[in-house]
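>>> output the structure for:
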Amino acid sequence: MRVLAMAAAVLVAVSTTLVSSLPAHAYPDVTRADLINRARSWLTAGPGHGPVPYSQQARFEGYRQDCSGYVSMAAKIDQPGKITTDLADRLHSKSISLAELRWGDIIVNTTGDTADGRHVVIFEKWADPYRTAYHAYEQRSVHGTTYRVLRYGISQADNYWPRRLLNVID
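Numbering: from 1, shown residues only. The predicted structure follows:
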């Protein structure tokens, strides 16, 4: 009887741990190709077939037009989009190394007291064989949606960290 009680206690402890480590929301799966295509779509979806303008208040296709709203849109995460710190928490993404970065992963800075001090971009590919720069999609102030070569996130000193969204599949 005592063995049975111990086995039941272990089973409850294990199942509680498994359930509590699941994401808070079950977002639809998104392939890396679909995520990149969705990110690319905002490059020409704005006024005059230009980039979608940046705004922390305005919405486009139901999503905030800031960096985290943009990443949420590309990853099919709830409208109007998560904030940067949510995208970087364990319920939405997991920490990876720079060597593990793959297209559709994110590079995020969650430091700062305001949204202006935080930022997130979508990694596409390395820009050189030495991995000193990379191509990324981002939603940024003044410019709106852009695709460009970036260097932040390469050094730990700049407080950017690579992460993999939990609903991204190959």
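>>> can you give me the strands in the chain?
Taking DSSP state E to define them, one finds strands in the chain at 30-31, 55-60, 63-65, 93-95, 106-109, 119-126, 134-140, 144-150, 161-165, 168-169.
>>> to Asp86, which of those strands lies closest?
Proximity to Asp86 (CB to CB) singles out strand 93-95 among the strands of the chain, at 9.3 Å. C-betas here are computed from N, CA, C, even on glycine.
>>> what packs against the closest one?
Packing contacts for strand 93-95, counted by 3 or more CB pairs under 8 Å, 6 or more residues apart in numbering; DSSP states H and E, involve strand 161-165.
>>> closest one to Pro47 among the strands of the chain?
When the strands of the chain are compared by CB to CB, strand 144-150 sits nearest Pro47, at 9.5 Å.
>>> okay, the angle between the closest one and strand 134-140?
In terms of direction (axes from the mean of the first three to the mean of the last three CA atoms, to 10 degrees), strand 144-150 departs from strand 134-140 by 150 degrees.
>>> then strand 144-150 to CSV, C-alphas only?
In CSV, the C-alpha atoms belonging to strand 144-150 read as follows (Å, rounded to 0.1, in the frame of the first residue of the first chain):
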residue,chain,number,x,y,z
GLY,A,144,8.6,50.6,-40.9
THR,A,145,9.2,47.1,-42.2
THR,A,146,12.7,46.5,-43.4
TYR,A,147,15.0,43.7,-44.5
ARG,A,148,18.6,44.5,-43.9
VAL,A,149,22.0,43.3,-42.6
LEU,A,150,22.4,43.6,-38.8
